[in-house]
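Asker: can you look at this prediction? I've put the sequence above it.
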Amino acid sequence: REEFMAELRNFDQDILTDQRVSALVPQNAMVPLSDWSQSPTLALPLKEGMYVFEGRARDATGLEAKKYVVAWSHPAYQETVVTSYDRIRHLETYMRQSRQAILQVRAFNRGSVSVVPVCAAVFALPSMYDYDFMAMIEWNAASPEPMPNLSQPIYGAPIVSRETRNEVVTFLFDIMGVLMDIIFALEPDSLGADARRLQEQYWQDSTSNLSTPLHMEVVAGALAHLSANLAPIGEPELFVYLGTLTSGLVERVRGSRGDIRKAGNAPQDLVKTLSFLLASMRPIDRPREDGDIRVNVSEHVQARLSAEIIRTAVALGDVMAAIADPGGPPTAIKQEMPKGQFMNHVDGDLVVTIIKKKLIDIIVDGVQTQPDYQSMLRWIYPQIDIEGLGPPGSDGVDWAGDADILFNEAAKQCQEAQEDFLQTITMTTISWPVSPFLYATSTMIGM
């Protein structure tokens, strides 16, 4: 059988001839299945395996002809039974093997080479929704109930011990730390950078080779996959770190003047990651401490998560503005908010919209938007009427007003190398299905 299957894979010419097929059967091993009949229909169970069927036809004069057929018998439906024990072992095996990829990346010490093994480890991450991480976290030793994992279910989501949960959290921090190193080690061309990016005559040439995804596209997909699997673990610091990764990637693209259109699904994956970060936010609900009302929560995990969400949205607007046409129609990217257990139950879409104007248009006409009042969907922007701002003055000081605003000349950067400062003006609008400052609402101290 093994020799026959090898020949079949090699597409040998005589593989299905009667002589070759009949040679598969040992001598005197054929068993009659039916008598001579005008309707030789066979219906019989066969064990799993490969069979050779011989069909014989005989005419009135007694002449016979033979034909051989090879068939493989296998179950029409085979159920794979996965127990809780199997799931736990699979998770532990995955983490052990993935750490080898992390060690390999550390040995390479090269961002571009590291993208493949690390992102492959991320995409192989088992669904965290298949595990119960919260049962042991919510239980304490003073509870009259027994320890939850003493009555582990045979099937379904296994109850993860606190030790295994801590190992999962540590592993995710490790792999996101490697992703952070990769993001800051990537070369500008891996982020879509091209000096000819905005020149229309080179547009087709600069994006003609789309068969191989950019590193940015792969990393953005890995971040989206991570964001969809963190909620069941119940560790908000993981979302903060993921938000730092996402904002860092987008800011690197902005700093390298990368063209996000070259990165395939990267824009959608980045907004998808942003939507999961937004859906994971929780109110702080901090009570009085020692009789004092302390409203400074800037270092709280939810406040830091909010800061990373805003930072990512602002940088993403700048990246989208780099490829928008001045005076053209608004450019928008939309992502439906995720729904499920452990997330905010919010309907609607997260929409980032870019309106790009030439300087003279801002000076004279300003910006006006008109939402679709007939639409049943959430508006991508409200009605906005901004009058002409007049001349901006040197470095825009006339627009900044009398406020003491520090201007860093070294940090000034345009979207195109040949572009002058304030040559184009971009307005970014974001349709938030839920407030990005959720930590500041519904608290016990009324912040």
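Answerer: Right, received. Where do you want to start? Residues are numbered from 1 along each chain as shown.
Asker: what comes up buried for the strand or helix carrying Ser275?
Answerer: For Ser275, the host element (DSSP states H and E) is helix 266-279. Neighbour counts over helix 266-279 (16 or more other Cβ atoms under 10 Å) mark 266-267, 269-279 as buried. Placement of C-beta: from N, CA and C, glycine included.
Asker: over to stretch 57-69?
Answerer: So stretch 57-69, judged by 16+ other Cβ under 10 Å, has buried residues Tyr68.
Asker: ok so, going back, and the helix holding Ser275, how far from the chain's centre?
Answerer: 8 Å (Cα atoms, centre = their mean, to the nearest Å).
Asker: circling back: save the buried residues of helix 266-279 as TSV, and put in pLDDT and distance to Val25 too.
Answerer: Formatted as TSV, these follow (pLDDT from 0 to 100; distance: Cβ to Cβ, whole Å):
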residue	pLDDT	distance to Val25
Ala266	86	57
Pro267	87	60
Asp269	91	55
Leu270	91	60
Val271	91	61
Lys272	92	57
Thr273	94	59
Leu274	93	63
Ser275	92	61
Phe276	92	59
Leu277	92	63
Leu278	90	66
Ala279	89	62
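Asker: looking at those, which is nearest Val314?
Answerer: Leu274 (11.2 Å; Cβ to Cβ).
Asker: what residues are up against the closest residue to the closest one other than its chain neighbours?
Answerer: Counting by Cβ to Cβ, 6 or more residues apart in numbering, Thr312 is the residue found nearest to Leu274 once chain neighbours are left out, at 5.6 Å. When contacts are counted by Cβ atoms under 8 Å, 6 or more residues apart in numbering, Thr312 is found next to Gly243, Thr246, Ser247, Val250, Leu270, Leu274, Leu277.
Asker: got any ranges where the stretch 101-250 of the chain has weak pLDDT?
Answerer: 108-113, 193-213 (pLDDT under 70).
Asker: now do stretch 137-157: distance to the chain's middle.
Answerer: Counting by Cα atoms, centre = their mean, stretch 137-157 comes out at 32 Å from the chain centroid.
Asker: span of it from start to end?
Answerer: Distance between the two ends of stretch 137-157: 15 Å, counting by Cα to Cα, to the nearest Å.
Asker: what does it contact?
Answerer: 81-85, 87, 129-132, 135-136, 158-162, 165, 234.
Asker: what's the PyMOL syntax to select whichever of the residues you listed are buried?
Answerer: In PyMOL, a selection of the buried entries from these looks like this (16+ other Cβ under 10 Å):
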select buried, resi 84+87+130+131+132+135+136+158+159+160+161+165
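Asker: in helices, which of the contacts of stretch 137-157 appear?
Answerer: Counted as lying in helices by DSSP state H, out of those, are Ser84, Tyr85, Arg87, Ala135, Met136, Arg162, Arg165.
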